[in-house]
Each structure stands twice: as C-alpha cells, then as structure tokens.
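Engineer: Pasting the sequence and the predicted coordinates here, then a few questions.
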Amino acid sequence: MEKGNITGFIHSGITVRNLNNALDFYVNTLGFELLSTQNVISDYILEIVEIPGLKGIDIAFVQVPGGHVIELLEYTGIDTYPGNARSCDYGTGHICLQVDNLDALFEELQAKGIKFKSKKVVNITAGANKGSKAVYMLDPDGYVIELMERGK
C-alpha cells in the first residue's frame with residue numbers, strides 16, 4: 001500500500017447473545033483472562049457500526065493464554081438474531097486455540113455439557129498440520145472454536 005500499512009493485529013471480535021454467559025464460558029470454562037468490561041453508549045460507536053436504533057454495546061476483552069485478545073460484544077436496545085451458519089458458508093469464522101492433551105480436554109469439556117461439531121478428536125493426516133489433532137466445538141451462541149493439539 002502506498003500511504004498506509006497494516007502493522008499488526010489488535011484483537012478478534014465475537015458478538016454474543018448474553019455477555020455474562022459468554023464470560024462464564026470463556027473465562028470460567030476455557031480459562032481466558034478477563035482484561036476489562038465496559039458499556040459503550042457513545043456517538044462514535046453508532047458511526048462505526050451503522051445500526052439504527054442501537055442503544056449501546058456491552059463489551060468485555062478477554063485474553064487467551066499466549067496473548068491473543070478477543071472482544072466479546074453484546075448489542076443492547078435492539079433486536080438481535082443468531083448468525084448460525086455452516087462453517088463452509090462465507091461470512092462465518094472461527095478461532096483456533098492451541099491446547100495440550102486434546103483427548104483429555106475433549107472428554108472434560110463434553111462432561112461439562114459443552115457442545116461439539118466434531119464427534120471425536122480427529123487426527124490430521126495431511127497438509128501443513130499433519131500429525132496434529134483437532135476438533136470443532138461451539139461457544140454458548142454457536143460460534144465455532146477449533147481446538148488443536150500440535151503434532152510433535
């Protein structure tokens with residue numbers, strides 16, 4: 001680019017139905033660190049998101065072990081709808097978390113009632129992650145989270 005450059009990564013954002021439920025999942029179940037919470041009711045946010053009738057956004061920043069920050073956003077004062085889609089549909093996304101002992105974590109999370117798209121831990125047999133293991137699980141709102149144990 002001639003006049004401006006991308007210089008780094010700041011955070012990922014996930015829209016949630018209920019911020020307290022999302023925090024329970026991401027902080028208490030997955031062990032992310034809660035960095036901050038805020039309620040944004042400023043004109044600037046309305047200019048950024050361009051959603052008529054929006055009253056505000058409840059926001060929490062959580063940090064994945066290892067440093068990546070995720071912004072959880074609950075839009076308030078407006079009707080919201082689920083964004084459920086198949087992982088192959090454009091406009092969807094997922095985050096991938098590196099884990100150790102995926103087999104044990106998979107069993108532990110299933111025992112806690114966490115929902116998974118994957119029926120079992122899958123061994124990756126080809127490509128850049130050959131020798132690794134992975135599963136797709138769902139957060140409380142159906143957002144896909146990939147858990148991957150890197151091969152040795």
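Structural biologist: Noted; the coordinates are in hand.

Engineer: where exactly do the strands run in the chain?
Structural biologist: Taking DSSP state E, the strands of the chain run over residues 12-15, 33-40, 56-63, 69-76, 94-98, 122-123, 133-138, 144-149.

Engineer: Distance from the chain centre to the shortest one, please.
Structural biologist: The chain centre lies 22 Å from the centre of strand 122-123; the measure is CA atoms, centre = their mean, to the nearest Å.

Engineer: got it, and the fourth one?
Structural biologist: The gap between where strand 69-76 is centred and where its chain is centred comes out at 10 Å by CA atoms, centre = their mean.

Engineer: contact partners of it?
Structural biologist: 10-19, 22-23, 26, 32, 35, 39, 51, 54-64, 95 (CB atoms under 8 Å, 6 or more residues apart in numbering). Heads up, the C-betas are built off the backbone N, CA and C, glycines and all.

Engineer: same thing but at 6 Å, please
Structural biologist: Strand 69-76 has contacts (CB atoms under 6 Å, 6 or more residues apart in numbering) with 11-16, 19, 22, 55-63.

Engineer: Got a ChimeraX select line for the buried ones in those?
Structural biologist: Burial among the contacts of strand 69-76 is assessed by 16 or more other CB atoms under 10 Å; the matching ChimeraX selection reads:
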select :14,15,16,19,22,56,57,58,59,60,61,62,63
